[in-house]
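Engineer: how would this look folded up:
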Amino acid sequence: NRERERENREREREKQKKRQERETRKEHTQKEQSDDKRKMAEKEVDEAPILSIQSHVVHGYVGNRAAVFPLQLLGVEVDFINAVQFSNHTGYKKFTGQTLSSTELEELIDGLMAND
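Structural biologist: Modelled structure (predicted):
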């Protein structure tokens, strides 16, 4: 009976050891995949400037007001066009501002492309 208990404990230890080895391999693989994805993202960021065409608000953080700064912190070159400029988000009771026409938007993009 004691011999069986000892054998059972030994089998359980072996199972636990194999589980730990599998988990370690899994974690290592996940880390490698994560590192590879990060490296690919960094390469893409290094190679691709971004043109952000969004809204802009004077009060609040939506559209370009929310997007440009975090991208710049990551080292991304960001050009931005404010398609609209409003006093605040349109969800407020009142807002005022201007909207860029399609002609004005095309002129800005044409100017950027001419110097690229």
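
Engineer: need the helices for the chain, in chain order.
Structural biologist: 2-47, 64-73, 102-114 (DSSP state H).

Engineer: Least reliable of the ones you listed by average pLDDT, please.
Structural biologist: Among the helices of the chain, helix 2-47 carries the lowest mean pLDDT, at a mean of 85.

Engineer: Could you tell me the angle between that helix and helix 64-73?
Structural biologist: Helix 2-47 and helix 64-73 are oriented at 110 degrees to each other (axes from the mean of the first three to the mean of the last three CA atoms, to 10 degrees).

Engineer: what about E104, how many residues close to it?
Structural biologist: 13 (other CB atoms under 10 Å). No exception for glycine: its C-beta is placed from N, CA and C like everyone else's.

Engineer: cool, and L71?
Structural biologist: Applying other CB under 10 Å, we find 15 residues neighbouring L71.

Engineer: With adjacent residues omitted, what lies nearest to it?
Structural biologist: Of all residues not flanking L71 in the chain, V78 sits nearest, at 4.8 Å (CB to CB, 6 or more residues apart in numbering).

Engineer: How about the contacts made by the one you found?
Structural biologist: 49-52, 67-68, 71-72 (CB atoms under 8 Å, 6 or more residues apart in numbering).

Engineer: how close does it sit to T29?
Structural biologist: Separation of V78 from T29 (CB to CB, to the nearest Å) stands at 34 Å.

Engineer: Same check on Y61?
Structural biologist: To T29, Y61 is 38 Å away according to CB to CB.

Engineer: just to revisit the earlier point, by neighbours, which of the contacts of V78 wins?
Structural biologist: V68 (18 neighbours).

Engineer: I figured that one hits F80, correct?
Structural biologist: Yes. Shown here, V68 and F80 form a contact pair, counting by CB atoms under 8 Å, at 5.3 Å.

Engineer: what touches both of these two?
Structural biologist: With CB under 8 Å, 6+ apart, V68 and F80 have common neighbours S52.
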